[in-house]
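**Q** One predicted model, sequence on top.
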Amino acid sequence: MENQYFTSDGLNVKNRAFLLGDAVKVSFFVRNGGLIMDEECYFFLMASMRKMRMNIPLTYTLEFFQTLFHKDVIDGKGIKNGIINFQVFRNNDAVTASKASVSYFYEVTESEDVLTVHHRPLELDLTKEINVNNNLLSNIRVHCPENIYGGIYAEENDLDDVILLNPNKRIARTTSGNLLFLEGNIIKVPKQSEGAYISPLMENFVTFLHKNNLADIQEHEIIAFESQKAEEILMISDEKGIFSVGKIRNKTFESSRFIEMVESWKNSF
């Protein structure tokens, strides 16, 4: 099934998303015909808009988005499982950008259960030709030419994705999500201050593991070489879903323990 597209207004090429990349993205999740984690995703959207100094309409309440997605996606299109990639952009309708209104556009990717690890493990590699910043805006999903470059680099080298480093040559994230490294009973996660994305999906997962004592969650500054020391690696992408990492360069990784953890998490909903 082709992805479904929705917009608040007729798309205009004069909008600042098209001209300047002036937009933020947040994902919402449909599972078994209902929204999950919608409150966490909503608050992340509000925080992202505030960081980009966008005017937040008074109509943008949690109930507004719940009604919108049920009407258009769940009831309107009958989608039972999928990811809603929601984008808010600033319009070009005011003298100054600070006074401009906002509009939205979103795409729905129908899929299997969004809380299931995808069947095929990913093959990744590091790229040192570019790096990503680690400032206030690095943690939210905004226009990022490094992601575009990294995605094309991966395609040209028969990879599924690439690991992006920050200016200190430490692991930040991939082009589309965050990495979790399992060593023994410890799961190491790159700090947000290292350039990792804020991810409602990942935060829900690691909170579940912590509360149920299934693993010791530790935020770390992780040098590139440490990716080779992990026993298992998981990539969580709010935009695309959950993936195990099968190979980085010549090192292969198992996936059974992470898959078991994700299954326990899935069954908690």
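**A** It's in. Since the model is a prediction, treat every value here as computed from it, not as a measurement.

**Q** What residues sit buried inside stretch 80-91?
**A** 81-91 (16 or more other C-beta atoms under 10 Å). In this view, the C-beta of every residue, glycine as well, is placed from N, C-alpha and C.

**Q** Quick one, grab the pLDDT at residue 146.
**A** Note on residue 146: pLDDT of 96.

**Q** Wait, a helix at it?
**A** Yes: the assignment for residue 146 by DSSP: H, G, I helix; E, B strand; the rest coil puts it in a helix.

**Q** Can you give me the distance of it to residue 157?
**A** The spacing between residue 146 and residue 157, counted by C-beta to C-beta, to the nearest Å, is 16 Å.

**Q** Those two: who's more crowded?
**A** Ranked by neighbour count (other C-beta atoms under 10 Å), residue 146 and residue 157 place residue 146 first, with 19 against 11.

**Q** check contacts around the more buried one.
**A** Residues near residue 146 by C-beta atoms under 8 Å, 6 or more residues apart in numbering: 130-132, 164, 175.

**Q** Now with 10 Å, please.
**A** Contacts for residue 146 (C-beta atoms under 10 Å, 6 or more residues apart in numbering) come out as 127, 129-133, 138, 162, 164, 172, 175, 195.

**Q** neighbour-wise, which of these leads?
**A** residue 172 (28 neighbours).

**Q** and that one, what are its phi and psi?
**A** phi -100, psi -60 (degrees, to the nearest 10).

**Q** And the closest residue to it other than its chain neighbours, how far from residue 232?
**A** With sequence-adjacent residues excluded and distances taken as C-beta to C-beta, 6 or more residues apart in numbering, residue 172 is closest to residue 195, at 3.1 Å. In this view, residue 195 and residue 232 are 22 Å apart by C-beta to C-beta.

**Q** cool, and residue 111?
**A** 23 Å.

**Q** who are the neighbours in contact with the nearest residue to residue 77 once chain neighbours are set aside?
**A** Spatial nearest neighbour of residue 77, excluding adjacent residues (C-beta to C-beta, 6+ apart): residue 4 at 5.6 Å. Residue 4 makes contact with 72-73, 76-77, 79, 82, 84, 106-110 under the criterion C-beta under 10 Å, 6+ apart.

**Q** could you show me where the helices are in the stretch 51-200 of the chain, in order?
**A** Using DSSP state H, counting those that start in this stretch, the helices of the stretch 51-200 of the chain run over residues 62-69, 145-156, 200-211.

**Q** Any buried residues in the last one, and which?
**A** What that stands for is helix 200-211. 200-206, 208-209.
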